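A.B. asks: Mind folding the following:
(one chain, ligands or ions: 2)
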Amino acid sequence: MLELDGVTVRFGDVVAVREVSLTVAEGELLMLLGGSGSGKTTTLETINRLVEPTEGTVRLRGEDVRALVPHELRRRIGYCFQGTGLFAHLTVAENVGITPRLLGWPPERVAARVAELLELVELPAELAARLPDQLSGGQAQRVGVARALAAEPELVLFDEPFGALDPITRESLQASFTRVRRETGLTGVFVTHDVIEALTLGDRVAVLRDGALVALGTAAALRESDDPYVRKLLDAPRRALGALA
Ligand SMILES: Nc1ncnc2c1ncn2[C@@H]1O[C@H](COP(=O)(O)OP(=O)(O)OP(=O)(O)O)[C@@H](O)[C@H]1O
Ligand SMILES: [Mg+2]
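C.D. replies: Ligands and ions are numbered 1, 2, ... in the order given. Below you'll find the predicted structure:
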């Protein structure tokens, strides 16, 4: 359903992404794991053309995304920005409904979709009229997820949606997310720097280091990896727990 084929992105002298090739199957959630600056956001943004690859090709259902016009891409690919990216001057309902509105859905259909999505992400309906700065961090992230799903996209990109949250709130959002995924059957790419989140939330994990893909597989397969970086990464939570004991 999605295919990155030898994608490289250069910003001047910086090589942000190095020859990344991967595929995402229908209904699959691929986790993109890596440290800060490893190229996660840049890789993600080549998919919806916020970034153009210097080399390589991105295909959505076999079609080169360069051949798709922006409004078509917006309809087909939902995007949940790093740090929510909610529009500060728009209410929750307006934020969630923005893509359907831009696509020309009639107002009553937009309103019904917004109500349905707030319920899906477990936000009380009375939050609809609030502005983003009147929300908690966890509520704002739920709005970000709802907005990404609004136009019933074929593919959804999530950039560290739960990255800035306390552990309890994060756990509750992860549980909601898993339920949303089950109910919608979404196909997605989910960026995280959290090893446990990467291993538990999705179907497969792609590990990025310094812009390059160093491993790609299921959580079980990664545990068998003999790549030194992957081993170190997977050992980190164990080391942290060991330090407590
Ligand atoms: N527009 C840009 N111009 C120049 N360099 C950039 C640009 N965007 C990203 N970079 C560089 O590319 C590299 C990868 O950045 P990217 O934002 O993809 O990392 P990331 O893995 O998402 O990091 P984080 O976890 O901190 O969000 C970094 O070295 C960054 O400084
Ligand atoms: Mg990033």
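A.B. asks: Distance of residue 95 relative to ligand 1?
C.D. replies: 22 Å (CB to the nearest ligand atom, to the nearest Å). All C-beta spots, glycine's among them, are computed from the backbone N, C-alpha and C.
A.B. asks: That residue: how many residues sit nearby?
C.D. replies: Residues contacting residue 95 under the criterion other CB atoms under 10 Å number 25.
A.B. asks: host element of the nearest residue to residue 212 once chain neighbours are set aside?
C.D. replies: Nearest residue to residue 212, sequence neighbours excluded (CB to CB, 6 or more residues apart in numbering): residue 18, at 4.3 Å. Per DSSP states H and E: residue 18 is located in strand 14-24.
A.B. asks: Going by neighbour count, list what's buried in that strand.
C.D. replies: 15-18, 20, 22, 24 (16 or more other CB atoms under 10 Å).
A.B. asks: With stretch 218-230 instead?
C.D. replies: In stretch 218-230, counting by 16+ other CB under 10 Å, buried: 219, 222, 225, 230.
A.B. asks: now the third one, nearest residue through space, not along the chain?
C.D. replies: If I follow you right, that is residue 225. Residue 225 sits nearest to residue 215 (CB to CB, 6+ apart), 5.3 Å away.
A.B. asks: Same check on the last one?
C.D. replies: Distances taken as CB to CB, 6+ apart place residue 215 nearest to residue 230, at 4.8 Å, with adjacent residues excluded.
A.B. asks: neighbours around the one you found, how many?
C.D. replies: For residue 215, the count of nearby residues is 19 (other CB under 10 Å).
A.B. asks: Ok, residue 162 next?
C.D. replies: Residue 162 has 24 nearby residues by other CB under 10 Å.
A.B. asks: same deal with the one 10 residues further on?
C.D. replies: With neighbours defined by other CB under 10 Å, the count for residue 172 comes to 15.
A.B. asks: low-confidence ranges in the protein?
C.D. replies: Within the chain, the set of residues satisfying pLDDT under 70 comprises 245.
A.B. asks: which bits of it sit near ligand 1?
C.D. replies: Selection of the chain residues close to ligand 1 by CB under 6 Å from any ligand atom yields 11, 14, 16, 34, 36-42, 82, 193.
A.B. asks: Which helix or strand contains the residue nearest to residue 225?
C.D. replies: strand 212-217.
A.B. asks: Is the residue nearest to the spatial centre of the chain bridged to anything, and to what?
C.D. replies: Centroid-nearest residue in the chain, with CA atoms, centre = their mean: residue 158, separated by 1.2 Å. Residue 158 has the following beta-bridge partners by DSSP bridges: residue 80, residue 190.
A.B. asks: looking at it, it is touching residue 141, isn't it?
C.D. replies: No - here residue 158 lies out of contact with residue 141, judged by CB atoms under 8 Å, at a distance of 10.0 Å.
A.B. asks: what ranges do the strands span in this protein?
C.D. replies: Applying DSSP state E to the chain gives strands spanning 2-11, 14-24, 29-33, 55-60, 63-64, 77-80, 155-159, 188-192, 204-209, 212-217.
A.B. asks: Just the helices from this protein, written as ranges.
C.D. replies: Under the criterion DSSP state H, the chain contains helices at 40-47, 70-76, 92-96, 98-102, 107-120, 137-149, 167-184, 195-201, 219-223, 228-244.
A.B. asks: Tabulate those helices in a markdown table, adding columns for distance to residue 3.
C.D. replies: Formatted as a markdown table, those follow (distance: least, CB to CB, whole Å):
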| stretch | distance to residue 3 |
| --- | --- |
| helix 40-47 | 10 |
| helix 70-76 | 15 |
| helix 92-96 | 30 |
| helix 98-102 | 24 |
| helix 107-120 | 29 |
| helix 137-149 | 21 |
| helix 167-184 | 21 |
| helix 195-201 | 21 |
| helix 219-223 | 20 |
| helix 228-244 | 23 |
